[in-house]
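Enquirer: Model the structure of this input:
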Amino acid sequence: MVLRDPVDKNLLRMEARRFASRCEAQVSSVERADTLREVVRLAGLITLPYLIAEDYTARDALRAVQMRAEDRARELIQEQIRNYARAEENQRDKQKRAMLDAWASLTGPLGHLRTWAHSKLVVAEQQSG
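Expert: Now for the predicted structure:
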């Protein structure tokens, strides 16, 4: 989009900065999330408005939210798998069902983590049993 009016350029620049600050707040929320469902919900809440889709600041801010959400989801999955590996035999089936249920919520930008989590679970099962 070619804008010749400096006022319009400044408005778009201001909107991009506003979007970036919303993304920073979203990153903080993702870091505090303690369940996979919450991380997935927070990762999908922010969408890039069309008017600022070409702005690098806005795209970088959205990418930061998605990357932090992916990192936090991986941390939570690894914690679940560690707890599964440490659990007693009679508790493992219950924990595995709970993990698979939680992993079902991995959709949208975090959908690819579902297969990653399953592979980590297979490795953990082979090492512990």
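
Enquirer: Run through the residues that contact residue 89.
Expert: Residues near residue 89 by C-beta atoms under 8 Å, 6 or more residues apart in numbering: none. To be clear about C-beta, it is placed using only N, CA and C from the backbone, and glycine gets the same treatment.

Enquirer: how close does it get to residue 57?
Expert: Here residue 89 is placed at a distance of 52 Å from residue 57 (C-beta to C-beta, to the nearest Å).

Enquirer: So for the helix or strand containing residue 101, what gets flagged as buried?
Expert: Using DSSP states H and E, residue 101 maps to helix 89-103. For helix 89-103, a neighbour-count test (16 or more other C-beta atoms under 10 Å) marks 92, 95, 99, 102-103 as buried.

Enquirer: What average pLDDT does it get?
Expert: Averaging pLDDT along helix 89-103 gives 94.

Enquirer: try stretch 51-66
Expert: 94.

Enquirer: can you give me the offset of it from its chain's centre?
Expert: Stretch 51-66 sits 15 Å away from the centroid of its parent chain (C-alpha atoms, centre = their mean, to the nearest Å).
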